[in-house]
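**Student:** Need a 3D model of the following:
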Amino acid sequence: MDRLAEARRVFDIEIDALRKTKDALDDIFLQILDEVVNCTGKVIITGMGKPGHIASKLAATFSSLGTPSFHMHPAEAMHGDLGMICENDIVIAMSYSGESDEIVKILPNIRMIGAKIIALTGNKDSTLGKTADITQAFPEFEEACCLGLAPTSSTTAELVYGDALAVTASAIYGFRDSDFGRYHPAGALGRKLILKVADLMAKGDEVPFIEQNSLLMDAVTKMSEKGLGVVAVTDDDGKLTGIITDGDLRRIIERRTDIYTETVSDVMTVSPRIITKDRLAVDALRFIRQQNINNIPVVDSSNRLIGMLTWQMIVNAGIVI
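**Tutor:** Predicted coordinates for the structure are as follows:
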C-alpha cells in the first residue's frame, strides 16, 4: 500500500465533502442561523458516538464566541440530563443517518419540554429529520474510511457547518477581541486581549521615584531599594520630569561624576517616554521593544507619576510578541 497515497485519498474525500456541503448552503442555513442569534436561552448540541465528540467541540466554540452553549450526551439525557433543557433553548441534534437510537429516544421529551429542535442529518426523511423544527440535510458523500463505514467525511462536515454557524453568529453580535479575552482569561491570547498596564505596573510604595533636587547618591540608593533598574524623577507636584536608569548610572560612574555632589536634575534623561495605565500590556511591550528601552514610567492625564512598568513584568505575565 502506498501510505501517502492513502492519506491523500482521505484528504481528497473529506475536502470533496466540505465542498459539497458549502455548495449546498441555502435558506435553511440562514433559518438556523436566525434561530441561534435570536435564541433567548442556550444552544444545546447533542450527538452520539463520533458526532458526540463533534458536538462537544462545537459547544465550546459557540460559548467562546458569545453564544451560551453546552454539550449534552444523549444517553445521559435519558437519565436526568434532559433537566438541563428549558423551553427557550435550541437543541441541535446531529446524526448523519438520522436514526441514532439514543437521539431518537430523547426527541419526544425535548418536544414536551418545548425547546426547538434543529437537525443536522444526511437523511431528511429520517426520524430525526421529520421530527425537527428545522432540518439541514447534508448532501450525500462518501465516508473517507477505507470500509466506507466509520464517520469521517460526515463528522468533518458537521464540524465545519457548526463552526460556520458559531462564527457567523459572533460576527452578527459584533463580537470583539475584548469579548473573546473576557472568556479566555487563562490563555496567552486572552491575557494579550485583557491585561492592561494598570494590571502589571509597580504602584504605590513599589514605584522608585525621587524629587529632582535630590542628590545622585539618593537615586542610587532608591534604585537599589526598589530593584527595577530605574528611578523616576518628579517635581514638587509629583509630575514626571525625567528618569535615571541603571545604564545611565553606569555611564555616569564611568565619567567619574561625583555622585555625592551632583543632583539628579543634572544627569537625568529629560522628557522620557511615557505610557498611560489604560493601554493594553501587549501594546506596551511592543512600544518598549520599538523604543529599545527596558522600563517606562506610567503617568496620568496631568503627567503625574502613578507607576512604573518594565518589560520583565509583561513577559512574566505570560505575554510575548
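**Student:** buried residues in stretch 84-95?
**Tutor:** 85, 89-95 (16 or more other C-beta atoms under 10 Å). Quick note: C-beta positions are derived from backbone N, CA and C, even for glycine.
**Student:** Send me that stretch as CSV with only the CA atoms.
**Tutor:** Below are the C-alpha coordinates for stretch 84-95, written out as CSV (Å, rounded to 0.1, in the frame of the first residue of the first chain):
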residue,chain,number,x,y,z
MET,A,84,-30.8,21.0,31.7
ILE,A,85,-33.1,21.9,28.8
CYS,A,86,-35.6,24.8,29.0
GLU,A,87,-38.3,25.7,26.6
ASN,A,88,-36.5,28.8,25.3
ASP,A,89,-33.4,26.7,24.4
ILE,A,90,-32.4,25.3,21.0
VAL,A,91,-31.3,21.7,20.7
ILE,A,92,-29.0,21.0,17.7
ALA,A,93,-29.1,17.2,17.2
MET,A,94,-26.5,15.6,14.9
SER,A,95,-27.0,12.2,13.3
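**Student:** Out of the buried residues of stretch 84-95, list just those in strands.
**Tutor:** 90-94 (DSSP state E).
**Student:** Tell me which two of the buried residues of stretch 84-95 sit farthest apart.
**Tutor:** Asp89 and Ser95 (18.7 Å; C-beta to C-beta).
**Student:** Which stretches in the stretch 201-321 of the chain count as strands?
**Tutor:** According to DSSP state E, counting those that start in this stretch, the stretch 201-321 of the chain carries its strands in the segments 209-211, 230-234, 240-245, 269-270, 295-299, 305-310.
**Student:** As a markdown table, these with mean neighbour count and mean pLDDT would be great.
**Tutor:** Shown next, in a markdown table, are the strands of the stretch 201-321 of the chain (neighbours: other C-beta atoms under 10 Å; pLDDT from 0 to 100):
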| stretch | mean neighbour count | mean pLDDT |
| --- | --- | --- |
| strand 209-211 | 18 | 92 |
| strand 230-234 | 26 | 93 |
| strand 240-245 | 22 | 92 |
| strand 269-270 | 11 | 90 |
| strand 295-299 | 23 | 94 |
| strand 305-310 | 22 | 95 |
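**Student:** Tell me which of the ones you listed sits nearest to Gly52.
**Tutor:** Of those, the one closest to Gly52 (C-beta to C-beta) turns out to be strand 305-310, at 47.1 Å.
**Student:** Any regions of the chain where pLDDT drops low?
**Tutor:** 149, 177-192 (pLDDT under 70).
**Student:** didn't Tyr260 look like it was pressed against Asp218?
**Tutor:** No - the criterion here is C-beta atoms under 8 Å, and Tyr260 misses it with Asp218 at 9.9 Å.
**Student:** higher neighbour count, those two?
**Tutor:** Asp218 (17 against 10; other C-beta atoms under 10 Å).
**Student:** give me every residue that touches the more buried one.
**Tutor:** 210, 264 (C-beta atoms under 8 Å, 6 or more residues apart in numbering).
**Student:** Please apply the same query to Val37.
**Tutor:** 169, 172-173.
**Student:** How about Leu228?
**Tutor:** Leu228 touches 202, 208, 295, 308, 310, counting by C-beta under 8 Å, 6+ apart.
**Student:** Mind doing that once more with 6 Å?
**Tutor:** Residues near Leu228 by C-beta atoms under 6 Å, 6 or more residues apart in numbering: 208, 308, 310.
**Student:** State the distance from the nearest residue to the last one once chain neighbours are set aside to Leu228.
**Tutor:** With C-beta to C-beta, 6 or more residues apart in numbering as the criterion, Thr310 has its nearest non-adjacent residue at 4.7 Å, and that residue is Asn295. With the distance defined as C-beta to C-beta, to the nearest Å, Asn295 ends up 6 Å from Leu228.
**Student:** As a check, name the ranges of all helices in the stretch 151-300 of the chain.
**Tutor:** Along the stretch 151-300 of the chain, counting by DSSP state H, counting those that start in this stretch, helices occupy 153-173, 177-183, 188-194, 197-200, 216-226, 246-254, 264-267, 281-291.
**Student:** Tell me which residues touch Thr46, please.
**Tutor:** Going by C-beta under 6 Å, 6+ apart, Thr46 touches 55, 72, 74, 93.
**Student:** could I get the contacts of Leu228 as JSON lines with distance to Glu158?
**Tutor:** Shown next, in JSON lines, are the contacts of Leu228 (distance: C-beta to C-beta, whole Å):
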{"residue": "Pro208", "distance to Glu158": "58"}
{"residue": "Met308", "distance to Glu158": "52"}
{"residue": "Thr310", "distance to Glu158": "48"}
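**Student:** Pull the residues that contact stretch 288-299.
**Tutor:** Against stretch 288-299 from outside (C-beta under 6 Å, 6+ apart): 197, 201, 230, 232, 240, 273-275, 277, 305-311.
**Student:** Next up, the contacts around Arg255.
**Tutor:** Contacts of Arg255 (C-beta under 6 Å, 6+ apart): none.
**Student:** if we go to 10 Å?
**Tutor:** Val267 (C-beta atoms under 10 Å, 6 or more residues apart in numbering).
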